[in-house]
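Trainee: need a structure here:
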Amino acid sequence: MPGDSTREISVPRYVQIADELARQIRAGTLKAGELLPSETELVERYGVSGGTVRKAVAELRTSDLIETHHGRGSFVKAKPPVKRKSSDRFRRSHRKAGKAAYIAETEQAGGVPSVNVLYIGPTEAPADAAERLGVALGTQVLERRRLYFTDGVPTEVASSYLPWDVAKDIPELFAENPGGGGIYARLEEHGHALVEYTETVVARLASKQETSLLGLSPGAPVLHLVRNAVTEGGRVVEVCDTLMAADKFVLDYRIPAGD
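Mentor: Sure, this is the predicted structure:
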């Protein structure tokens, strides 16, 4: 009857399936870190098409209950995001303590961190890094490229670019492990006292190559963060270009309110 407020609203089947799976996750029937049933299993269980199942899984991703890794499947989220306190993570006292920021933050979030060094050596400075370093496009710089993991899952990839005239006199910068406190500690030991870090953050969708590298779902969001490390003399001695899986991190900034 027109205007009948008691008429039932039809809920799409994929939403019903997503709701049921969400209840199983919250109840612990599907445990943290557990692989979600495959598309074929869910099609058979619920008697629906593959397209309906894919929509249901997408709903779970949107609700931040699961994460999908390329070639591996979808997993119930196991750990909270790593809280990245940019106002605190580069303090000199932390460097003296000898633990790199990523390692400390990941452990604090309850994860097991690891790093895979992809490349260390000379490279031509890409456009943005060259501009930030104040050198001509294509100038030789030292690149340190790393892939970071939490509990065996890739979470970010970072390339550090350092001026060659600075890096060539610091042999530790060419080693996979530059020592306690990381490259910033080595720079300061060689007279490059750091007074400021500036960061630019852009949110966007991952490219196909980035999706493969970080094991993300197609069209997953990423954070593209670029940082300058600046000395007392105002020189940028490192540009760190980092791509982060957006759902794995919380960026926490402290901004002074002074004049």
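
Trainee: contacting residues for residue 239?
Mentor: By Cβ atoms under 8 Å, 6 or more residues apart in numbering, residue 239 lies in contact with 128-129, 132-133, 160-161, 226-229. Any C-beta I mention is one placed from the backbone N, CA and C, and that applies to glycine too.

Trainee: tell me the mean pLDDT over the host helix or strand of it?
Mentor: Under the assignment given by DSSP states H and E, the secondary-structure element containing residue 239 is strand 236-245. Mean pLDDT, computed over strand 236-245, is 97.

Trainee: roughly how far is the helix or strand following it from the heart of the chain?
Mentor: Past strand 236-245, further along toward the C-terminus, the next helix or strand under DSSP H and E is strand 249-252. Its chain's C-alpha centre and that of strand 249-252 lie 10 Å apart, by Cα atoms, centre = their mean, to the nearest Å.

Trainee: before we move on, back to that, in the contacts of residue 239, find the pair that's most separated.
Mentor: Every pair in the contacts of residue 239 was compared (Cβ to Cβ); the two farthest apart turn out to be 128 and 229, at 15.0 Å.

Trainee: between these two, who's got more neighbours?
Mentor: Residue environment comparison for residue 128 versus residue 229 gives the larger neighbour count to residue 229, 22 against 14, counting by other Cβ atoms under 10 Å.

Trainee: Double-check that the more buried one belongs to a strand.
Mentor: Yes: under DSSP: H, G, I helix; E, B strand; the rest coil, residue 229 sits within a strand.

Trainee: and residue 26, that's in a helix?
Mentor: Yes: Residue 26 forms part of a helix when assessed by three-state DSSP.

Trainee: burial measure for it, as a count.
Mentor: 10.

Trainee: Could you list every helix and strand that the helix or strand harbouring residue 16 packs against?
Mentor: Secondary structure assignment for residue 16, by DSSP H and E: helix 13-27. When contacts are defined as 3 or more Cβ pairs under 8 Å, 6 or more residues apart in numbering; DSSP states H and E, helix 13-27 packs onto helix 39-46, helix 50-62.

Trainee: List the buried residues of the first one.
Mentor: Translated: helix 39-46. In terms of neighbour count (16 or more other Cβ atoms under 10 Å), helix 39-46 has its buried residues at 39, 42-43, 46.

Trainee: Other residues contacting it?
Mentor: Taking Cβ under 8 Å, 6+ apart as the rule, helix 39-46 contacts 13, 17, 37, 48-50, 52-54, 56-57.

Trainee: Which secondary structure element of the chain has the lowest mean pLDDT?
Mentor: Between all helices and strands in the chain, the lowest mean by mean pLDDT, DSSP states H and E belongs to helix 92-97, at a mean of 67.

Trainee: Next SSE downstream of that helix?
Mentor: Toward the C-terminal end, the helix or strand that comes next after helix 92-97 (DSSP H and E) is helix 101-108.

Trainee: Turn the helices and strands packed on helix 13-27 into TSV, columns for mean pLDDT and distance to residue 25.
Mentor: Shown next, in TSV, are those (pLDDT from 0 to 100; distance: least, Cβ to Cβ, whole Å):
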stretch	mean pLDDT	distance to residue 25
helix 39-46	94	14
helix 50-62	91	8
